[in-house]
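Visitor: sharing a model that was predicted from the sequence below.
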Amino acid sequence: MSAPGPGAVESVARPQGGSRIAARFAELKNQGRGALIPFLEAYDPDPATSMAILRGMPGAGADLIEIGVPFTDPMADGPIIQLASQRGLKAGATMAGTLAMVRDFRTEDTTTPVILMGYLNPILSYGAERFVTDAQASGVDGLIVVDMPPEEAEVLAPSALAAGIDIIRLVAPTTDEARLPVVLNASSGFVYYVAITGITGTRSADPEALRQAIPRLRRHTDLPIAIGFGVRTPEQAGEASRIADGAVVASALIDTLAHSLDEQGRAKPDSVRKVLDQVRGLAEAVRSGA
Amino acid sequence: MNKPVTPPLRPNTFKSGPDSAGRFGGFGGRYVAETLMPLILEVEAAYTAARNDPGFDKEWRWLLKEYVGRPSPLWFAERITKHCAGLAGKPGHGAKVYFKREDLNHTGAHKINAVIGQILLARRMGKKRIIAETGAGQHGVATATACALFGLPCTVFMGAVDVERQQPNVFRMKLLGAEVVPVTSGAATLKDAMNEALRHWVANVEDTYYCIGTVAGPHPYPVMVRDFQSVIGEEVRWQLAEQEGEGRLPDVLVAAIGGGSNAMGLFFPFLDDPSVEIHGVEAGGHGVDTPAHAASLTGGRPGVLHGNRTYLLQDEHGQILEGHSISAGLDYPGVGPEHSWLHELGRVQYVNATDQEALDAFQLCTRLEGIIPALEPAHALAHVLRLAPTLPADKIIVMNMSGRGDKDIFTVAGHLGVKI
């Protein structure tokens, strides 16, 4: 397996004066709105289609982008992202291939933060140190490693942070007062609030519960907070981005992509457009301030 | 990880693990999503409290005696011993072979020991329903049984492929009142059943306890299941002394390894007895030099899955591979983290037996001892049949007969070309 070398993009991989994620949230705060953070799974259903979706996302209104790194055993994900993961793997997704997508993206876009979301084993298999080096060189800004709680982060977090890559952590409704500081103190970039007790894409977030939960988090952290798991519609995204600082939409977009595929699971000519149109709709709701 | 690991120092005791982080050396831990973390911390706190409560131990032991039927016999397998002496071909050879008869437990396997313990724990925690994963169905049946006894609703997650090939156990679980959920995600086998059970747990935190069947998963499951299963080895210690004389220890312990709970249960009480050699037998499938096996320690490398760092069957990219074994109880791509640690320390030797060797041992045991073994311990027996002839006749091998083979007769018939 050959690693993607740093290549010509090294100069643009990191902006002057700190993190792209912090810069983007600060910029949005000045605009008085929250962030839309759409998700795509690498190589789903094929490398070219997922690359086209990634490239099109900023233009469609993505403020930050989350890329899922396919894994055979995505423990925290519901059926929609599980299937996306399987399609990605079938299309040949690897860590090297996912990093190459980010590197290609960075040749055109040097400001939109890119966050990789995945599980620890493919990173360990790639080699944690080598992964941090290559992720930095490719222009990755943050990592969500689902099965790496603060207690197990030694293997990756210190070197990632030293390389300027944020470790974004999930906080769940079940994370109690005693545990909250443990998780938040080990977070950087932003905090990902899991809106439901459950897995991705299975239930809808309850705005009332969110209005209670987000201030509880704010008492413990100054980091921006994004809400995910259970944010599907433009209305929900708009609401979540106003209650917190951003909304992550994943399963709803993957669902659209999955439904756009032909019977053999291949992308059709309008697959990319359908996903990006949906991103546009979400972005409008986030920007409307209504 | 790809980095070479420095050889671990040999500890003063092999029984000190895990540490407070749930680690056995570099293995184990709590690699779970934050959504799960509060749950496993709650289980850990409850288990620590229960262990320090004599009333908990007393109730568990009473149930093991009166409901499960413990102690299980330690049977001197005289005809197997004679057979091995015959294979030895030289006088004075052929070690004595004993079977620890976990197959005689209620529900027919060792699984019930840890299930009873965990259900008592769930009750202490005020949980109202139980979930479990199962591969061959033995752990599912044991859990459904205990839930029937305690009047608790039970949901068992089982790979859709396993549901098809283990119909009798599926029907048993349903008779016992459990709901069996076929899991179609991933490869639709045991590892996917475990993923699905974990997902379901996260979504049903308040009232649900997850009863794990083996010495794997996030801390505290590996230590908790090992502690409960250690009743096996503790009994062997006094039972052998009764039959062979005060202070007589086994010379070799042998047990089959899937996740490794029956093996940990037999091995753990003897880890600090240096005269006792310990052999774990992994499922060699079609052979460990083919892709079709489930020998994680022999053919895998360390990684993270299902909440713990341990040896895993995985490809060069860290994607998890499917294990293969004739035994549905062994085809798990991981292994308990304590086994990984004992493997690296060299305290336990991990070997393997193929599908064919297990099938041969299955038939031999049935004819010579009148015991139909499960295909899991048939792997252990295959190793015993290789090992015993090489040892002097005054040596003693204790093998864990971890389950009975009724559930496997259809599989075996299929392989023998018999239609039933």
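Guide: All right, it came through fine. Residues are numbered from 1 along each chain as shown, chains lettered A, B, ... in the order given.
Visitor: max-length strand in chain A?
Guide: Among all segments of chain A classified by DSSP state E, the strand with the greatest residue count is strand A:35-41.
Visitor: find the closest residue to chain B in chain A.
Guide: Closest to chain B within chain A is residue A:125: 2.7 Å, counting by C-beta to the nearest C-beta. For every residue, glycine as well, the C-beta is placed using N, CA and C.
Visitor: how about the helices of chain A, start to end?
Guide: A:10-13, A:20-31, A:47-60, A:79-90, A:95-106, A:120-126, A:128-138, A:157-162, A:180-185, A:207-218, A:234-243, A:251-260, A:271-288 (DSSP state H).
Visitor: chain A contacts on the stretch 301-420 of chain B?
Guide: Contacts of the stretch 301-420 of chain B with chain A, taken as C-beta under 8 Å from any C-beta of the partner chain, map to B:303, B:304, B:305, B:306, B:307, B:312, B:314, B:316, B:317, B:318, B:319, B:320.
Visitor: which one among these gets closest to chain A?
Guide: The shortest approach to chain A among those belongs to residue B:318, at 2.7 Å (C-beta to the nearest C-beta).
Visitor: what about the spatially closest residue to the closest one that is not a sequence neighbour, neighbour count?
Guide: Excluding its sequence neighbours, the residue lying closest to residue B:318 (C-beta to C-beta, 6 or more residues apart in numbering or on different chains) is residue A:125, at 2.7 Å. Using other C-beta atoms under 10 Å in any protein chain shown, residue A:125 is surrounded by 25 other residues.
Visitor: on that earlier part again, neighbouring strands - and their directions - for the longest strand of chain A?
Guide: strand A:65-68 (parallel), strand A:246-249 (parallel) (DSSP bridges).
Visitor: quick one: the residues of the stretch 301-420 of chain B next to chain A as TSV, columns for pLDDT and secondary structure too.
Guide: Listed next are these as TSV, based on pLDDT from 0 to 100; DSSP: H, G, I helix; E, B strand; the rest coil:
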residue	pLDDT	secondary structure
B:303	98	strand
B:304	98	strand
B:305	98	strand
B:306	97	coil
B:307	97	strand
B:312	98	strand
B:314	98	strand
B:316	98	coil
B:317	98	coil
B:318	98	coil
B:319	98	coil
B:320	97	strand
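Visitor: just for the stretch 51-200 of chain A, where's the confidence low?
Guide: Applying pLDDT under 70 to the stretch 51-200 of chain A picks out no residues at all.
Visitor: how about the helices of chain A, which one is nearest residue B:379?
Guide: Ranking the helices of chain A by distance to residue B:379, with C-beta to C-beta as the measure, places helix A:120-126 first at 26.9 Å.
Visitor: before we move on, the earlier item: make a markdown table from the helices of chain A and add distance to residue B:143 to it.
Guide: Formatted as a markdown table, these follow (distance: least, C-beta to C-beta, whole Å):
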| stretch | distance to residue B:143 |
| --- | --- |
| helix A:10-13 | 51 |
| helix A:20-31 | 45 |
| helix A:47-60 | 41 |
| helix A:79-90 | 25 |
| helix A:95-106 | 37 |
| helix A:120-126 | 28 |
| helix A:128-138 | 37 |
| helix A:157-162 | 37 |
| helix A:180-185 | 32 |
| helix A:207-218 | 33 |
| helix A:234-243 | 38 |
| helix A:251-260 | 31 |
| helix A:271-288 | 42 |
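Visitor: distance of the residue of chain A closest to chain B relative to residue B:215?
Guide: Applying C-beta to C-beta, to the nearest Å, the value for residue A:125 to residue B:215 is 24 Å.
Visitor: quick one on the thing from earlier: ranking the helices of chain A by burial, who's on top?
Guide: Scoring these by mean neighbour count under mean count of other C-beta atoms under 10 Å in any protein chain shown gives helix A:120-126 as the most buried, with a mean of 25.
Visitor: which strands and helices sit next to that helix?
Guide: Helix A:120-126 sits against helix A:95-106, strand B:301-305, with contacts defined as 3 or more C-beta pairs under 8 Å, 6 or more residues apart in numbering or on different chains; DSSP states H and E.
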